[in-house]
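Peer 1: take a look and give me a structure for this.
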Amino acid sequence: MEEIEISSWATLDALKKAADVVETVGDFHSDQEMYVFCVLDEDYLELGYSTAGPNYLRHYADEDEFTEAIEKRREGLDDSLLDDGDYDDFEDEGLDFDDESDDL
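Peer 2: Numbering: from 1, shown residues only. Below you'll find the model as predicted:
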């Protein structure tokens, strides 16, 4: 695997547009990162978009390495979701969501 830092999302978007997207992992709303796995000609690429850190382009040597990277990225994202805490005990005490728009 080779990696280079990319400063512009426009560069990543141009690569994504030219390639065949295989899978997208993550999103900006919940993860602040998104990883686009794609194939351009015979090159296996990962486009790493981030709102909090550097963006990058990774090139994988072959399809096996590429597939393994997708699995690791999925697992890493699933594990990070479990670390966000337990929201089952959350209660909306003291919050009134009644629609008062009729009073206007």
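
Peer 1: can you tell me which residue is spatially central in this structure?
Peer 2: Met34 (2.0 Å; C-alpha atoms, centre = their mean).

Peer 1: look up the residues forming beta bridges with it.
Peer 2: Counting by DSSP bridges, Met34 forms beta bridges with Tyr49.

Peer 1: and it, how far from Asp41?
Peer 2: Using C-beta to C-beta, to the nearest Å, Met34 is found at 23 Å from Asp41. Glycine gets a C-beta too; all of them are placed from N, C-alpha and C.

Peer 1: hang on, isn't Asp31 packed against Arg73?
Peer 2: No. If you go by C-beta atoms under 8 Å, Asp31 and Arg73 don't touch, sitting 10.8 Å apart.

Peer 1: give me the distance from stretch 5-17 to the chain's centre.
Peer 2: Distance of stretch 5-17 from its chain centroid, counting by C-alpha atoms, centre = their mean, to the nearest Å, is 14 Å.

Peer 1: mean confidence (pLDDT) on it, please.
Peer 2: Mean per-residue pLDDT for stretch 5-17: 95.

Peer 1: again with stretch 37-57
Peer 2: For stretch 37-57, mean pLDDT rounds to 95.

Peer 1: contacts for that stretch?
Peer 2: When contacts are defined by C-beta atoms under 8 Å, 6 or more residues apart in numbering, stretch 37-57 is touched by residues 3-9, 12, 15-16, 18-25, 28, 32-36, 58-63, 65-66, 69-70, 73.

Peer 1: and those, which are buried?
Peer 2: 6, 12, 15-16, 19, 25, 33-36, 58, 60, 66, 69-70, 73 (16 or more other C-beta atoms under 10 Å).

Peer 1: next step: those residues restricted to helices.
Peer 2: Among the buried ones among the contacts of stretch 37-57, the ones falling in helices (DSSP state H) are Leu12, Leu15, Lys16, Phe66, Ala69, Ile70, Arg73.

Peer 1: now these as JSON lines including distance to Glu46?
Peer 2: What follows is these, written out as JSON lines (distance: C-beta to C-beta, whole Å):
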{"residue": "Leu12", "distance to Glu46": "10"}
{"residue": "Leu15", "distance to Glu46": "11"}
{"residue": "Lys16", "distance to Glu46": "11"}
{"residue": "Phe66", "distance to Glu46": "8"}
{"residue": "Ala69", "distance to Glu46": "6"}
{"residue": "Ile70", "distance to Glu46": "8"}
{"residue": "Arg73", "distance to Glu46": "8"}
